[in-house]
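Q: quick one: sequence plus predicted model below, questions after.
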Amino acid sequence: MDEREKLRKFRELDDAFAEALRELESPGRQLDIPTGPPVRSIEEQETDEQSRQQAFERRLKDLMKDYALPAESVSELLKTLQSLGRIA
């Protein structure tokens with residue numbers, strides 16, 4: 001980065017800092033504080049989890065049908081994977 005670019009970035013930072021100080025000194029002015037993503041309720045999180053679970057179950061059933069696998073074979077496979085620590 002050349003000297004002009006460094007100076008430009010410094011001025012931008014200085015301007016932003018000065019603006020923040022002015023906002024703090026103005027008691028009637030609302031602060032423009034950036035926030036993170038909105039917080040989801042527990043109910044929304046549970047609904048999302050249920051939707052993912054249902055989608056997984058549908059996909060698993062479709063795969064079992066496509067490959068003509070009985071539920072017992074899939075169950076045995078999942079138990080084996082669990083015992084090997086491959087799935088939780």
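A: That came through, no problem. Predicted model only: the values in this text are computed from it and were never measured.
Q: need the helix or strand of the chain with the lowest average pLDDT.
A: Least confident helix or strand, the chain: helix 3-25 with a mean of 83, by mean pLDDT, DSSP states H and E.
Q: packing partners for the one helix or strand residue 75 maps to?
A: In the assignment (DSSP states H and E), residue 75 maps to helix 71-83. The contact analysis (3 or more CB pairs under 8 Å, 6 or more residues apart in numbering; DSSP states H and E) places helix 71-83 against helix 42-66. Placement of C-beta: from N, CA and C, glycine included.
Q: give me the average confidence score over the helix it packs on.
A: Helix 42-66 shows a mean pLDDT of 89.
Q: tell me which other helices or strands that helix touches.
A: Other helices and strands packing on helix 42-66, by 3+ CB pairs under 8 Å, 6+ apart, are helix 71-83.
Q: and the helix it packs on, which residues are buried?
A: For helix 71-83, a neighbour-count test (16 or more other CB atoms under 10 Å) marks nothing as buried.
Q: returning to what we had before: could I have the CA atoms of the least confident helix or strand of the chain written out in CSV?
A: C-alpha atoms of helix 3-25 as CSV (Å, rounded to 0.1, in the frame of the first residue of the first chain):
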residue,chain,number,x,y,z
GLU,A,3,1.6,6.4,1.3
ARG,A,4,-1.4,8.1,-0.3
GLU,A,5,-3.6,5.1,0.3
LYS,A,6,-2.4,4.9,3.9
LEU,A,7,-3.2,8.6,4.4
ARG,A,8,-6.6,8.1,2.8
LYS,A,9,-7.5,5.2,5.1
PHE,A,10,-6.2,7.1,8.1
ARG,A,11,-8.5,10.0,7.2
GLU,A,12,-11.5,7.7,6.8
LEU,A,13,-10.8,6.2,10.2
ASP,A,14,-10.3,9.6,11.8
ASP,A,15,-13.6,10.9,10.3
ALA,A,16,-15.5,7.8,11.5
PHE,A,17,-14.0,8.2,15.0
ALA,A,18,-14.9,11.9,15.0
GLU,A,19,-18.5,11.1,14.0
ALA,A,20,-18.8,8.5,16.7
LEU,A,21,-17.6,11.1,19.3
ARG,A,22,-20.2,13.6,18.0
GLU,A,23,-22.9,10.9,18.4
LEU,A,24,-21.9,10.3,22.0
GLU,A,25,-21.9,14.0,22.8
